[in-house]
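Novice: Any chance you could fold what I've pasted below:
(one chain, ligands or ions: 1)
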Amino acid sequence: AVVLGVLALQGAFEEHQKLFDRLQRPNVRVVQVRTPSELSSCSALVIPGGESTTLRIIAQADNGAMMEALKQFVHADKKPVWGTCAGAILLSSEVISGQDVPRNGEREPARDKYGEFLGGVDVRTSRNFFGRQKDSFEAPLVGCGAYADIASGFNAVCIRAPAILQPLSDDVEVIAHLPPAAADPSSPKATSDKPVIAAASQGHLFITIFHPELTEDARFHAFFLDKFVLPRTGGAAPR
Ligand code: GLN
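Specialist: Here you go, the predicted model:
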């Protein structure tokens, strides 16, 4: 069976596990991952939403052993990884905060006083773009092109969510946007003319700014397995 890890250091990991379990895929075993040795037994990983700084601080414990193991998993082993919300922040190559002025398209993993992010997806992502916790919202996604089926109308639960502002490389595939003016009309996003990217991928990596594990809709969980995990682990062909 394919062993799919859900990083269980912090955040909404149990909800992810439940939604994967609900798909009842006979060849997929979902396990919680807290240590480098648990990670090494996985052929794919989900990094859940939660709080990205907290997640990074926990991963830096023991001289950063878990952070190193995650970097190896993402960059050297190139195993499929799905980051939701805080997980998407960790996998973004450039991370800014709120309405900060972007830096100049850095491709190296971003870092700040809490250390590194993982990087891997060449996008500029803004943390807490929509404001504070009270500015959390839900909105129906707009799927791009061939992704209309899996994404369109999906209820995106955005909790102090990041925004993927733009791809920084042609290797990034945009999968879905938020509808224009999805959030509170007083939030900055509503006035920006470019739609916020809600789901994107690059090679073996998949990021979503919302929390699909907090809905009953397992379409994105099935999509991750079918499009990213199984084709790279000797399972089914891509759809
Ligand atoms: N705002 C959080 C962060 O910066 C992410 C929120 C979430 O994962 N729901 O990490």
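
Novice: Break down the protein into its helices, ranges please.
Specialist: 13-23, 36-40, 52-59, 61-71, 86-91, 148-151, 188-191, 219-223, 230-232 (DSSP state H).

Novice: Against which helices or strands is the third one packed?
Specialist: The elements that helix 52-59 packs onto, with contact taken as 3 or more Cβ pairs under 8 Å, 6 or more residues apart in numbering; DSSP states H and E, are helix 61-71, helix 86-91. From N, CA and C alone the C-beta is placed, and that goes for glycine too.

Novice: weakest of the helices of the chain in terms of mean pLDDT?
Specialist: For the helices of the chain, mean pLDDT drops lowest on helix 188-191, to a mean of 56.

Novice: returning to that earlier point: dump the helices and strands packed on helix 52-59 to a markdown table, plus distance to residue 159 and mean neighbour count.
Specialist: Converted to a markdown table, the helices and strands packed on helix 52-59 look like this (distance: least, Cβ to Cβ, whole Å; neighbours: other Cβ atoms under 10 Å):
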| stretch | distance to residue 159 | mean neighbour count |
| --- | --- | --- |
| helix 61-71 | 23 | 16 |
| helix 86-91 | 10 | 28 |
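
Novice: nearest to residue 25, of those?
Specialist: Ranking the helices and strands packed on helix 52-59 by proximity to residue 25 (Cβ to Cβ) places helix 86-91 first, at 20.9 Å.

Novice: What are the contacting residues of that closest one?
Specialist: Counting by Cβ atoms under 8 Å, 6 or more residues apart in numbering, the neighbours of helix 86-91 from elsewhere in the structure are 7, 11, 46-52, 55-56, 74, 81, 83, 95, 117-121, 125, 127, 162, 164, 205, 207-209.

Novice: Narrow those to those that are buried.
Specialist: Neighbour-count burial within these applies to 7, 11, 46-50, 52, 55-56, 74, 81, 83, 95, 117-121, 125, 127, 162, 164, 205, 207-209; the criterion is 16 or more other Cβ atoms under 10 Å.

Novice: Mind checking which of those are in strands?
Specialist: Secondary structure from DSSP state E places 7, 46-47, 81, 83, 95, 121, 125, 127, 164, 205, 207-208 of the buried ones among the contacts of helix 86-91 in strands.

Novice: Need those in JSON lines (columns: pLDDT).
Specialist: What follows is those, written out as JSON lines (pLDDT from 0 to 100):
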{"residue": "7", "pLDDT": "97"}
{"residue": "46", "pLDDT": "98"}
{"residue": "47", "pLDDT": "97"}
{"residue": "81", "pLDDT": "98"}
{"residue": "83", "pLDDT": "98"}
{"residue": "95", "pLDDT": "91"}
{"residue": "121", "pLDDT": "97"}
{"residue": "125", "pLDDT": "94"}
{"residue": "127", "pLDDT": "93"}
{"residue": "164", "pLDDT": "95"}
{"residue": "205", "pLDDT": "98"}
{"residue": "207", "pLDDT": "98"}
{"residue": "208", "pLDDT": "98"}
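
Novice: Could you export those residues to CSV, including columns for distance to the ligand?
Specialist: Output for these, formatted as CSV (distance: Cβ to the nearest ligand atom, whole Å):
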residue, distance to the ligand
7, 12
46, 13
47, 10
81, 15
83, 9
95, 9
121, 16
125, 10
127, 4
164, 13
205, 17
207, 12
208, 10
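
Novice: Get me the contact residues on the protein for the ligand.
Specialist: Taking Cβ under 6 Å from any ligand atom as the contact definition, the chain meets the ligand at 49, 50, 51, 52, 85, 86, 89, 127, 128, 159, 160.
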